[in-house]
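*Asks:* Quick check, what structure comes out for this input:
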Amino acid sequence: MFKVGDKILLSVEITDDMVRKFAEVSGDFNPMHMDDEYAAKTRFKKRIAHGMLSAALISRALGQHLGPGGIYLSQNLKFMSPVYIGDTVSVELTVSSYREERGIGAIETLVKNQNGELCVKGEAMIMTADRV
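*Replies:* Numbering: from 1, shown residues only. I've put the predicted structure just below:
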């Protein structure tokens, strides 16, 4: 059961293999994600991970803690800073509201890099498994 203020933390290293597999699954082969030479000529200076890879990690953290059958209802996201291959990101989820009678909760979703820089912020809505 969730209550306001509960936190979920997940730490993951973003690898080249992850980015390549995500490109395969998503079909997003943007050279910013795939081509070192191309990325070196951009403002980022090196390849960046797909923004939606960070979103998938939010989904992973929720899935591990919602319990079997919990439902991810919605998510809004704002991409603040790039996530680079080799970064270790921390997914930080905080229950900001929860309606126990309906099993519906709002979750603040943050992704930060190893330097504490905010890369992604947003809010998810979830339904706990006991209400599905």
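*Asks:* distance of residue 25 from residue 18?
*Replies:* 11 Å (CB to CB, to the nearest Å). Where you see a C-beta, it was placed from the backbone N, CA and C, and this is true even at glycine.
*Asks:* Settle it for me: which of these two has more neighbours?
*Replies:* residue 18 (17 against 11; other CB atoms under 10 Å).
*Asks:* So in the protein, which strand runs the longest?
*Replies:* strand 88-99 (DSSP state E).
*Asks:* Give me the buried positions along it.
*Replies:* 89-93, 95, 98 (16 or more other CB atoms under 10 Å).
*Asks:* Which residues does the helix or strand following it contact?
*Replies:* For strand 88-99, the succeeding helix or strand toward the C-terminus, using DSSP states H and E, is strand 104-112. Identification of contacts with strand 104-112 by CB atoms under 8 Å, 6 or more residues apart in numbering yields 2, 54, 57-58, 62, 73, 75, 77, 83, 89-99, 118-128, 131.
*Asks:* quick one on the thing from earlier: any idea how far the longest strand of the chain is from the middle of the chain?
*Replies:* Strand 88-99 sits 10 Å away from the centroid of its parent chain (CA atoms, centre = their mean, to the nearest Å).
*Asks:* okay, and the helix or strand of the protein with the least pLDDT?
*Replies:* The least trusted helix or strand in the chain, going by mean pLDDT, DSSP states H and E, turns out to be helix 51-66, with a mean of 91.
*Asks:* tell me what that one is packed against?
*Replies:* Packed against helix 51-66, as judged by 3 or more CB pairs under 8 Å, 6 or more residues apart in numbering; DSSP states H and E, are the following elements: strand 7-13, helix 16-26, strand 71-79, strand 88-99, strand 104-112, strand 118-127.
*Asks:* and the angle for the last one with helix 51-66?
*Replies:* By that I understand strand 118-127. Computed by axes from the mean of the first three to the mean of the last three CA atoms, to 10 degrees, the angle separating strand 118-127 from helix 51-66 equals 40 degrees.
*Asks:* Extract the residue ranges of the chain that are flagged as low pLDDT.
*Replies:* Filtered on pLDDT under 70, the chain yields the residue ranges 1, 66-68, 131-132.
*Asks:* what about residue 52, neighbour count?
*Replies:* Other residues near residue 52 number 17, with proximity taken as other CB under 10 Å.
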